[in-house]
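*Asks:* Show me how the following folds:
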Amino acid sequence: MWPTLLSLLSLGFSVSLRIWAAVGAYEKLSLSAWPNTMVPLGQTVTFRCHSNSPLKRFRLFKRGGTSLPELQGRHVNTCTLGPVTRELAGSYTCSGGYQHPESDTLQILVTGVFIEPSISAHPGPLVQEGRNVTLRCQSQLLFDKFVLQQENSTRHFQSRGETFTGGHASTDFSIGPMTLRSAGTYRCYGSLSHYPYVWSAPSDPVDIVLTGLSKKPSLSAQGGPVMKSGESVTLLCSSKHTFDQFHLQRKGKSLGRRLAGGRDPRGALQAAFPLGPGTPALSGVYRCYGSFNHSPYAWSDPSEPLLLSVSGSTTSTCPSTMDPHTTEGKQDGLLSQQISEKTEGSCVSVGSTTSHFCDLGSSTSVSCQHLRSWSVLEPEGALSFSCSGTGIF
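*Replies:* Numbering: from 1, shown residues only. Prediction:
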């Protein structure tokens, strides 16, 4: 009896192994691409067909495309294609033979076939938590689709391109409400609907930064905010709170970042931003922010604005009485003048209570001395200011 029982058990174990092997043989494969499924024109891409059971050879298939010599025959472990052309863009599958069902499709996108679009952030790349930002992709080529990609993310945002008079295509992507997850580096691509796997080169990157997550630093100018042309200009950003680095901004544009290495006489962390010899072009409003290495897209509140004035600026001065665009009037020997600009700006006192400088956020700036009156008005988006005094330069 015992020999009979052992024989039956052995037979059952053998049948189980065969059934398990048969099930494993029909396991579905998976296909991957290295280094990425987005491949720049002229680069290479390596396919790998994966299976839990041993798989020595596989076949690679391209769906809906022309027959390519590179795909003929069986490949061992991996298959490398390149230099990649636009003809290699498309959907791929792999198969290990009749015992292995075909894998799911893998889309290979070839980038750099068309010239890159441009990308811009509105109202700007620095966004407070909970607010929205609009990223605008634009191209002189008439793309009917734009794709927005966030760096180090698998998410793609797609939008149809609109053609405008003047021969360009554009679309807007709304990002928000802003969180730390949505902050980061973005690029956009353009494509055509009848060539869905062929994309343009990527746009230049735009960094979207979340601000207001920590207390503001302070900003000062070494030697004071009023200086003569040719003098060395260095701005100092400092904070009593611990930051790893500081960022300097002017008119929403980055002027670099510095590690928070030194300390000021009060013991606060600080970083120096040397701007070089003073020139009229350096006159304007500056702000700085603090941040941490572990969260590069999360910045502090902005510092109070620092208005730097380099004397000798000929960018724009209070106009003469002969200027046809000036509203003039002479009363008690005083000259009263007014200028309007279709832009944003700010006017602050610098140096003393009798010296003012107005930065209009563009290439226009105005300096007035010995002021008797000063006013800033913003009717319907236009910034207007008037100054009257005995000394104007």
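
*Asks:* quick one: V310 and L275 touch, right?
*Replies:* No: with contact defined as CB atoms under 8 Å, V310 does not count as touching L275 (9.9 Å). To be clear about C-beta, it is placed using only N, CA and C from the backbone, and glycine gets the same treatment.

*Asks:* So, low pLDDT: which residues of this protein?
*Replies:* Across the chain, residues meeting the criterion (pLDDT under 70) sit at 1-26, 53-56, 65-77, 97-100, 165, 264-265, 267, 312-393.

*Asks:* quick one: contacts for L255?
*Replies:* 248-249, 273, 275, 286 (CB atoms under 8 Å, 6 or more residues apart in numbering).

*Asks:* can you list those residues in CSV and add secondary structure, distance to T105 and neighbour count?
*Replies:* What follows is the contacts of L255, written out as CSV (DSSP: H, G, I helix; E, B strand; the rest coil; distance: CB to CB, whole Å; neighbours: other CB atoms under 10 Å):
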residue, secondary structure, distance to T105, neighbour count
L248, strand, 48, 22
Q249, strand, 45, 22
F273, strand, 51, 21
L275, strand, 54, 20
Y286, strand, 52, 23
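
*Asks:* From these, pick the one nearest S218.
*Replies:* Y286 (11.9 Å; CB to CB).

*Asks:* Who does that closest one form a beta bridge with?
*Replies:* R250, L306 (DSSP bridges).

*Asks:* ok so E87 is a helix residue?
*Replies:* Yes: looking at E87 with DSSP: H, G, I helix; E, B strand; the rest coil, it is inside a helix.

*Asks:* any idea how far it lies from G64?
*Replies:* 12 Å (CB to CB, to the nearest Å).

*Asks:* More neighbours: these two, which one.
*Replies:* E87 (12 against 7; other CB atoms under 10 Å).

*Asks:* circling back: what's the farthest-apart pair in the contacts of L255?
*Replies:* Longest span within the contacts of L255, CB to CB: Q249 and L275, 12.9 Å.

*Asks:* what's the domain layout of this structure?
*Replies:* Domain assignment for the chain by automatic domain parsing gives 25-112, 115-210, 214-311, 329-391.

*Asks:* What residues does P277 make contact with?
*Replies:* Contacts of P277 by CB under 8 Å, 6+ apart are 230-233.

*Asks:* redo that, cut-off 10 Å
*Replies:* By CB atoms under 10 Å, 6 or more residues apart in numbering, P277 lies in contact with 229-233, 310.

*Asks:* Same question for T163.
*Replies:* 142-144, 169-170.

*Asks:* circling back: okay if I get the contacts of L255 as JSON lines plus distance to T46?
*Replies:* As requested, the contacts of L255 are exported to JSON lines (distance: CB to CB, whole Å):
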{"residue": "L248", "distance to T46": "43"}
{"residue": "Q249", "distance to T46": "42"}
{"residue": "F273", "distance to T46": "45"}
{"residue": "L275", "distance to T46": "47"}
{"residue": "Y286", "distance to T46": "48"}
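
*Asks:* and which of the residues you listed is nearest N52?
*Replies:* Among the contacts of L255, and counting by CB to CB, the member closest to N52 is Q249, at 52.9 Å.

*Asks:* joint contacts of V310 and L275?
*Replies:* Contacts common to V310 and L275, judged by CB under 10 Å, 6+ apart, are 233, 281-282.

*Asks:* residue ranges for the strands of the stretch 51-200 of the chain, please.
*Replies:* Here the stretch 51-200 of the chain has its strands, by DSSP state E, counting those that start in this stretch, at 57-63, 75-76, 78-81, 90-95, 106-114, 118-122, 126-128, 133-139, 145-150, 156-160, 162-164, 168-175, 184-192, 195-200.
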